[in-house]
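Trainee: return atomic coordinates for the entry below.
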Amino acid sequence: MLMMPWKAVLWRVPGCVAILLPCPHAAAQPVPIAAGQAWPAKTVRLVVPYPPGAGSDLHARAMAQKLTENLGQTVIVDNRGGANGVLAMEFAAKSAPDGYTLVYALPAQFAVNPALYPKLPYDPIRDFEPVMLVVRAPLVLFAHPSLPVKSVTELIALAKVRRDALVLASAGNGSAGHLCLELFKNLSRTQVLHVPYKGAAPSMIDLIAGQAQLSFLAWSTAGQFVKTGKLRALGVTSAKRAAAMPDLPAIAETLAGYDIANWYGLATPKNVSKQIVTKIHAEVLRVLQQPELRQAFEREAIDVIGSSPEVFGEYLKSELVKWGGLVKSSGMKVE
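Mentor: All right, here's what the predicted structure looks like:
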């Protein structure tokens, strides 16, 4: 629900007390921590723009659990999938700027959507306060085991023969997986049919079922199915092999210049006070520094960053240019 900003407008009515009314033209102001009341004094909502089971959801739940233990207040994960995160970001942007709504999102929401959707109902710079670039992680190109390929080289050869017969499932239009595909097609000069889903989890389900042959997913999301033989890993999207997966080739070893890494950032609605942003940043950084969580991330090929709000803010601006350029050069459109 859109929160109406309040402005001190006193109406003096004979025989009545003065009343405070909302002024629709007043700009939203930072909400300070009330005297004697430290953040958080109630439940904190952590909005994730994907359904349960996606990589961002798994990270968010791990952090929410630790934050709940440290803060003494519940931090709940609010999954709002669909429309490539547009609905979730709009909800977060229009939430009260009091520090009790946070959003944990990816390049798709912060940097790709502005180039992909002509009438986006939020602006990643105007409507949000950056808190932290939390982690960065490459994606992995997974294949259904029925596909007769065991390497990127073999996949390219097959794609050139089958042309449009191969199907790749992604987490949605403009998702990192979608961008990985467009760069792959551009560099390999092949054609692969893109089928967008409402999140990584449902796309993975159809990949395992054989409804799609390929998908770019986080290792934390689908790596377990490689061990059971339900999926096959062909390559990692980073420029070099990941330390957690030294035997898995980088796609760049076959396609020179191929390099895409996903990242996850934390933000609040615009005009949350600097005092609260600083507190949120400190508590999340405290969680990321816990050896148990850090090691769990590293096992899943996730690099912990933990940047300052200022660094994340500047990073967002550069990513808008980078990912927006890729959207335009690839000719990506909302299907």
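Trainee: show me where the protein has helices.
Mentor: 55-71, 86-93, 107, 113-116, 152-162, 176-188, 200-209, 219-227, 274-288, 291-299, 309-330 (DSSP state H).
Trainee: out of these, which is the most enclosed?
Mentor: Across the helices of the chain, averaging neighbours per residue (mean count of other C-beta atoms under 10 Å) puts helix 107 on top, at a mean of 24. In this view, the C-beta of every residue, glycine as well, is placed from N, C-alpha and C.
Trainee: so which residue is dead centre in the chain?
Mentor: What sits nearest the mean C-alpha location of the chain, by C-alpha atoms, centre = their mean, is residue 106, with 2.2 Å.
Trainee: please produce TSV containing the helices of the chain, extended by mean pLDDT and distance to residue 44.
Mentor: As requested, the helices of the chain are arranged in TSV below (pLDDT from 0 to 100; distance: least, C-beta to C-beta, whole Å):
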stretch	mean pLDDT	distance to residue 44
helix 55-71	91	7
helix 86-93	97	12
helix 107	93	24
helix 113-116	93	25
helix 152-162	96	42
helix 176-188	93	26
helix 200-209	95	24
helix 219-227	92	23
helix 274-288	97	9
helix 291-299	90	18
helix 309-330	92	17
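Trainee: what's the closest of the ones you listed to residue 128?
Mentor: helix 86-93 (6.6 Å; C-beta to C-beta).
Trainee: got a list of contacts for that closest one?
Mentor: 47-49, 80-81, 101-103, 105, 109, 113, 117, 120-122, 124, 127-128, 267, 269-270 (C-beta atoms under 8 Å, 6 or more residues apart in numbering).
Trainee: what about 6 Å?
Mentor: 47, 49, 80, 101, 103, 109, 121, 122, 127, 269 (C-beta atoms under 6 Å, 6 or more residues apart in numbering).
Trainee: returning to what we had before: out of the helices of the chain, nearest to residue 239?
Mentor: Ranking these by proximity to residue 239 (C-beta to C-beta) places helix 176-188 first, at 12.2 Å.
Trainee: ok now the closest one, how far from the chain's centre?
Mentor: 18 Å (C-alpha atoms, centre = their mean, to the nearest Å).
Trainee: which helices and strands sit right next to that helix?
Mentor: For helix 176-188, the helices and strands in contact under the criterion 3 or more C-beta pairs under 6 Å, 6 or more residues apart in numbering; DSSP states H and E are strand 167-170.
Trainee: now do 8 Å
Mentor: Using 3 or more C-beta pairs under 8 Å, 6 or more residues apart in numbering; DSSP states H and E as the contact test, the elements touching helix 176-188 are strand 167-170, strand 193-196, strand 214-217, helix 309-330.
Trainee: got TSV for these, with distance to residue 289 too?
Mentor: Output for the helices and strands packed on helix 176-188, formatted as TSV (distance: least, C-beta to C-beta, whole Å):
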stretch	distance to residue 289
strand 167-170	33
strand 193-196	37
strand 214-217	28
helix 309-330	17
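Trainee: closest to residue 55 out of those?
Mentor: strand 214-217 (7.6 Å).
Trainee: got the contact list for the closest one?
Mentor: In contact with strand 214-217 (C-beta under 8 Å, 6+ apart) are residues 55, 139-144, 147, 155, 166-170, 176-177, 180-181, 192, 200, 203-204, 207, 222, 237.
Trainee: and residue 36, what pLDDT?
Mentor: The per-residue pLDDT reported for residue 36 equals 37.
Trainee: of all the helices and strands packed on helix 176-188, which one comes closest to residue 42?
Mentor: helix 309-330 (22.7 Å).
Trainee: that closest one to helix 274-288, inter-axis angle?
Mentor: Interaxial angle, helix 309-330 versus helix 274-288 (axes from the mean of the first three to the mean of the last three C-alpha atoms, to 10 degrees): 80 degrees.
Trainee: contacting residues around residue 142?
Mentor: Here residue 142 is in contact with 207, 214, 215, 216, 217, 222, 225, 226, 231, 232, 233, 234 (C-beta under 8 Å, 6+ apart).
Trainee: how about the last one, nearest residue that isn't a chain neighbour?
Mentor: Using C-beta to C-beta, 6 or more residues apart in numbering and skipping residues adjacent in sequence, the residue nearest residue 234 is residue 141, 4.6 Å away.
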